[in-house]
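> Turn this into a model:
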Amino acid sequence: MWVRKLLDINCLDLAYAVGNCFAPRSPAALAARLERLWAPNKTIACLSVRSGFDLWLSALALPRGSEVLVSAITIPDMVRIIEDHGLVPVPVDLDADHLAMDIDSLRRAVTPRTRAILFAHLFGTRQPLDEVADFAQQRGLLLAEDCAQAFVGREFTGHPEAEVSMFSFGPIKTATALGGGLLRVRDPQTLASMKAKMAAQPRQGRWAYCRRLLKYTGMKLLSTRPIYSLIFRTWQALGRDPDRLVNGAVRGFAGPDFFRRIRKQPSGPLLALVHRRVAKFDPARIARRTRLGEHLLAHSGGSFMSPGFASDVHSYWVFPVLADDSARLIAALREAGFDGSSAHSMCVVQPPADRPAQRATTAEQILPRIVFLPLYNQLYESELERMAEVLEALAKRGEATGGRRSGGTRASGSGDRKSEVGSVV
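Sure, this is the predicted structure:
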């Protein structure tokens, strides 16, 4: 069985990181070197994007009750961090074709209490933020962009008008270091405040990070096709849920004491590995993954809609499709040897209780119906074509609702037309 998401790290990288655990180096010097590499005098290297976002909000010290407009689909922890700072998250709906913010929804969301916008580039897409940036500038709002799913190397370190651009090197991310985040911060005073606040936090232990390295080394070995298939089928035969097994294993900050866990400085070995991953990153790997994503679209026969398919820039960090019956599609994929999965780790941001009209209806239609298909460089084009045949077979059996689909091409567009999300497998 093809694993749902292959860890994007090799044995040499893992060995390098373990070696750094046994040869301590100055974390401060490692952080300074990494920050110079990414964006000199504008970067802070953190334990994670969650950690960095928490620091940014802490440095801003916005008045309690202030509102943050948030891309309607995000990870729950970002909402949790906003609320912990006494702020109110307000969803902004998305255009399903591009996964850009719906400008009409953005205009409706603004109130006199609004102070910031948090936009997330989803699933490997990268949205042109000029319109959102102009909107924020005209209203005196801060713009933050979550680029955790959009890393493509140093060619993109964030939109120039964003106050903060956040990149993740967590376990399932491109060029993973099994942790770590790089934030490019526009305002020097905010950056200095963030660094001062982080300096007062405890540091991640290098042996704790070493244990993490060993855990994921084992997971990488277990993700080879024969071993993964055996574990997956055995778990199913025991009546256990394989999703809970896999999702629990890769969750970045599982367990209690969430804020205690994220409010730490990164260890020296983690900083060293993030530097290695960034410095040695080969953009050709992104180009190949993009070609694979486009190849899968080209062989779809119009049998599915992939949210974000019309984005002008798409690196296919993951490949989502919409299904009316996601369980049926996942079962069919697994029967064919592909471990499809649902979007269990994400959420739709709920509106404040006194603003029900701000519900993100498009996001609410999309998220429960998303199925992620395996897509990474180790997959053969012939296997992608076979996976597309599984989806097409379901559609031919009448298990599609009809309507507009991806059409087998990645279209470009202005982003101002409404999406029809009734077009699904």
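> Contacts only, for the residue nearest the centre of the chain.
Centroid-nearest residue in the chain: residue 149, 3.4 Å away (criterion: Cα atoms, centre = their mean). Shown in contact with residue 149 (Cβ atoms under 8 Å, 6 or more residues apart in numbering): 120, 121, 122, 123, 124, 168, 173, 317, 318. Yep, even glycine has a C-beta here, placed from its N, CA and C like the rest.
> So which of the residues you listed is the closest to residue 306?
Distance to residue 306 across these (Cβ to Cβ) is lowest for residue 123, with 8.8 Å.
> Contacts only, for that closest one.
99, 149, 307, 308, 316, 317, 318, 319, 320.
> returning to what we had before: ok, and the closest non-adjacent residue to the residue nearest to the centre of the chain?
Take residue 149 and drop its neighbours on the chain: the residue closest to it by Cβ to Cβ, 6 or more residues apart in numbering is residue 317, 4.9 Å away.
> ok, which stretches of the stretch 101-250 of the chain are strands?
Secondary structure of the stretch 101-250 of the chain, counting by DSSP state E, counting those that start in this stretch: strands at 114-120, 125-126, 142-146, 164-168, 181-185.
> List the neighbouring strands of the shortest one plus their orientation.
Counting by DSSP bridges, the strands paired with strand 125-126 are strand 313-314 (antiparallel).
> Show the average pLDDT along the partner strand.
Averaged over strand 313-314, pLDDT sits at 96.
> Quick one: name whatever helix or strand follows it.
Under the assignment DSSP states H and E, the closest C-terminal helix or strand after strand 313-314 is strand 319-322.
> what are the pairing partners of that next one, and which direction each?
Here strand 319-322 is paired, per DSSP bridges, with strand 370-373 (antiparallel).
> got a list of contacts for the strand it pairs with?
Counting by Cβ under 8 Å, 6+ apart, 4-5, 296, 307, 318-323, 326, 329-330, 333, 338, 340-343, 387, 425 sit against strand 370-373.
> switch to 7 Å and redo it
Residues outside strand 370-373 that contact it (Cβ atoms under 7 Å, 6 or more residues apart in numbering): 4, 307, 318-323, 326, 329-330, 338, 340-343, 387.
> What of stretch 130-140?
With contacts defined as Cβ under 7 Å, 6+ apart, stretch 130-140 is touched by 101, 103, 106, 110, 117, 119, 143, 159, 161.
> Now that stretch - C-alpha only, PDB.
C-alpha atoms of stretch 130-140 as PDB (Å, rounded to 0.1, in the frame of the first residue of the first chain):
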ATOM      1  CA  ASP A 130      -1.900  41.900  -3.400                       C
ATOM      2  CA  GLU A 131      -5.700  42.500  -3.100                       C
ATOM      3  CA  VAL A 132      -5.800  41.300   0.500                       C
ATOM      4  CA  ALA A 133      -2.700  43.300   1.300                       C
ATOM      5  CA  ASP A 134      -4.200  46.500  -0.200                       C
ATOM      6  CA  PHE A 135      -7.400  45.800   1.700                       C
ATOM      7  CA  ALA A 136      -5.400  45.500   5.000                       C
ATOM      8  CA  GLN A 137      -3.300  48.600   4.300                       C
ATOM      9  CA  GLN A 138      -6.400  50.800   3.500                       C
ATOM     10  CA  ARG A 139      -8.000  49.800   6.800                       C
ATOM     11  CA  GLY A 140      -4.900  49.800   9.000                       C
END
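> What residues sit buried inside it?
132, 133, 135, 136 (16 or more other Cβ atoms under 10 Å).
> ok, residue 193 - contacts?
Residue 193 makes contacts with residue 59, as judged by Cβ under 7 Å, 6+ apart.
> Can you give me the distance of it to residue 54?
According to Cβ to Cβ, to the nearest Å, residue 193 stands 13 Å off from residue 54.
> Just the buried residues of the contacts of residue 149.
Using 16+ other Cβ under 10 Å as the burial test, those include 120, 121, 122, 123, 124, 168, 173, 317, 318 as buried.
> could you point out where this protein is predicted with low confidence?
235, 242-255, 398-425 (pLDDT under 70).
> May I have the distance across stretch 369-380, first residue to last?
This stretch, stretch 369-380, spans 26 Å end to end (Cα to Cα, to the nearest Å).
> Give the buried residues for it.
Using 16+ other Cβ under 10 Å as the test for burial, stretch 369-380 gives 369, 370, 371, 372, 373, 374, 375, 376, 379.
> Can you tell me which of the buried residues of stretch 130-140 lies closest to residue 281?
residue 133 (26.4 Å).
> quick one: that closest one and residue 124, what's the gap?
Distance from residue 133 to residue 124, counting by Cβ to Cβ: 21 Å.
> go on, residue 239?
On the measure of Cβ to Cβ, residue 239 and residue 124 end up 35 Å apart.
> okay, now residue 321: neighbour count?
As a burial measure, residue 321 scores 25 neighbours (other Cβ atoms under 10 Å).
> tell me the SS of the nearest residue to it once chain neighbours are set aside?
Counting by Cβ to Cβ, 6+ apart, residue 321 lies nearest to residue 304, which is 4.3 Å off, once chain neighbours are set aside. Classification of residue 304 by DSSP: H, G, I helix; E, B strand; the rest coil places it in coil.
> what's around residue 304, how many residues?
By the criterion of other Cβ under 10 Å, residue 304 has 28 neighbours.
> measure it to residue 391 for me?
For residue 304 relative to residue 391 (Cβ to Cβ), the value is 5 Å.
> Let me see the ranges of the helices in the stretch 151-300 of the chain.
If DSSP state H, counting those that start in this stretch is used as the criterion, the helices of the stretch 151-300 of the chain fall at 188-199, 206-222, 225-237, 242-250, 258-262, 268-279, 283-298.
> Could I have the CA atoms of the second one written out in PDB?
Backbone C-alpha positions of helix 206-222 (Å, rounded to 0.1, in the frame of the first residue of the first chain) are rendered in PDB as follows:
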ATOM      1  CA  ARG A 206      18.500  18.200  22.800                       C
ATOM      2  CA  TRP A 207      17.900  14.700  24.200                       C
ATOM      3  CA  ALA A 208      14.100  15.300  23.900                       C
ATOM      4  CA  TYR A 209      14.700  16.200  20.300                       C
ATOM      5  CA  CYS A 210      17.000  13.200  19.800                       C
ATOM      6  CA  ARG A 211      14.200  10.900  21.000                       C
ATOM      7  CA  ARG A 212      11.900  12.600  18.400                       C
ATOM      8  CA  LEU A 213      14.500  11.900  15.700                       C
ATOM      9  CA  LEU A 214      14.700   8.200  16.700                       C
ATOM     10  CA  LYS A 215      10.900   8.000  16.700                       C
ATOM     11  CA  TYR A 216      10.500   9.400  13.200                       C
ATOM     12  CA  THR A 217      13.400   7.300  12.000                       C
ATOM     13  CA  GLY A 218      11.400   4.300  13.000                       C
ATOM     14  CA  MET A 219       8.300   5.600  11.400                       C
ATOM     15  CA  LYS A 220      10.200   6.200   8.200                       C
ATOM     16  CA  LEU A 221      11.300   2.600   8.100                       C
ATOM     17  CA  LEU A 222       7.800   1.400   8.800                       C
END
